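# Requesting a structural model of the entry that follows:
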Amino acid sequence: MPAYVRRLFTQGAPADFILIGATTRDPSDIDSAIRSRCAEVYFEPLTAGQIREIVIGAGKRLGAKLARRVPDAIGSYTIEGRKAVQILADAYGNALFRSEGISMS
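Now for the predicted structure:
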């Protein structure tokens, strides 16, 4: 556990509240008044291999047979696990929709 997180739990924070949130915005784009009330936690971007494993696992949970290049193709669009799963789920839903010949009109 990072020292600053341990300190927040043992000594508290010099605020009436602690805002817990998540964003992909650059810290410099966030108002300093808000940032002064936040504990910042940064995550390293996932590697291509990690994204690949996430997509393969999600494909198995969907019961989908993925083409060999699918995990790498999805990984070329994102470095976030949730986004990778979302892309796969959207593509899977689209494929099911098209395979059933459903018309939007």
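# and the spatially most central residue of the chain, helix, strand or coil?
Centroid-nearest residue in the chain, with CA atoms, centre = their mean: Arg82, separated by 3.4 Å. Recorded secondary structure, Arg82: helix (DSSP: H, G, I helix; E, B strand; the rest coil).
# List the contacts of Asn20.
One correction, residue 20 is Ile, not Asn. Shown in contact with Ile20 (CB atoms under 8 Å, 6 or more residues apart in numbering): Cys38, Ala39. For glycine as for every other residue, the C-beta is placed from the backbone atoms N, C-alpha and C.
# And it, how far from Ala91?
Plainly put, Ile20 is 32 Å away from Ala91 if you go by CB to CB, to the nearest Å.
# Could you check how many residues crowd around Leu46?
Neighbours of Leu46 under the rule other CB atoms under 10 Å: 18.
# That one: what's it in contact with?
Taking CB under 8 Å, 6+ apart as the test, what Leu46 contacts is Ile54, Ile79, Glu80, Gly81.
# Okay then, goodbye and thanks.
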